[in-house]
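S.K.: Need a 3D model of the following:
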Amino acid sequence: MRLTSYLIFNGEAEEAANFYAGVLGGKIENLYRYDSMPSSPEMIIPEECAQMILHCCIIFPGGSMSVADTLPYDKRNFGDRGHMLTLDCDSIAHAGEVYAKLTEGAQKIQCELGEAFFAKRYAEVVDRFGVLWAIMFDEN
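M.R.: Okay, here's the model as predicted:
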């Protein structure tokens, strides 16, 4: 069994995918846009949404995540901290690198990167897209 995350955006999925691929040292695979869907009377795609992301996967060392855009009539948000993606980093330096990238344009730094009673390094960042990340390194 393997758990992966799937984040839904309101027209920002491509920007988010590129950002997360850079932060995580990954690459984007299986990118599909709405205009690649077979046409059907049940699913009318507005012309302005044709190039939005229907699905894409970001593969990075240690995992993967998927992102997509929702159509304008189905707006989504990440709520009020009711979710968190956790990155278990390989070293103190790695935690610092990821923290620096995720804080670029961040909406909020909930917890500055530093030592915690449960980890050598820990931080919480609400990134530019409203996604809450925990960044962690512990030698255990």
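S.K.: before we move on, what SS does the residue nearest the centre of the chain have?
M.R.: In the chain, the centroid-proximal residue (CA atoms, centre = their mean) is residue 20; its distance is 5.7 Å. Under DSSP: H, G, I helix; E, B strand; the rest coil, the three-state class of residue 20 is helix.
S.K.: wouldn't it be in contact with residue 64 here?
M.R.: No - Residue 20 lies out of contact with residue 64 (CB atoms under 8 Å); the separation is 10.6 Å. For glycine as for every other residue, the C-beta is placed from the backbone atoms N, C-alpha and C.
S.K.: which residues do those two both contact?
M.R.: 26, 58 (CB atoms under 8 Å, 6 or more residues apart in numbering).
S.K.: And the residue of the chain positioned farthest from its centre, its phi and psi?
M.R.: Here the chain reaches farthest from its C-alpha mean at residue 41, the gap being 31.9 Å by CA atoms, centre = their mean. With angles defined as degrees, to the nearest 10, residue 41 sits at phi -70, psi -20.
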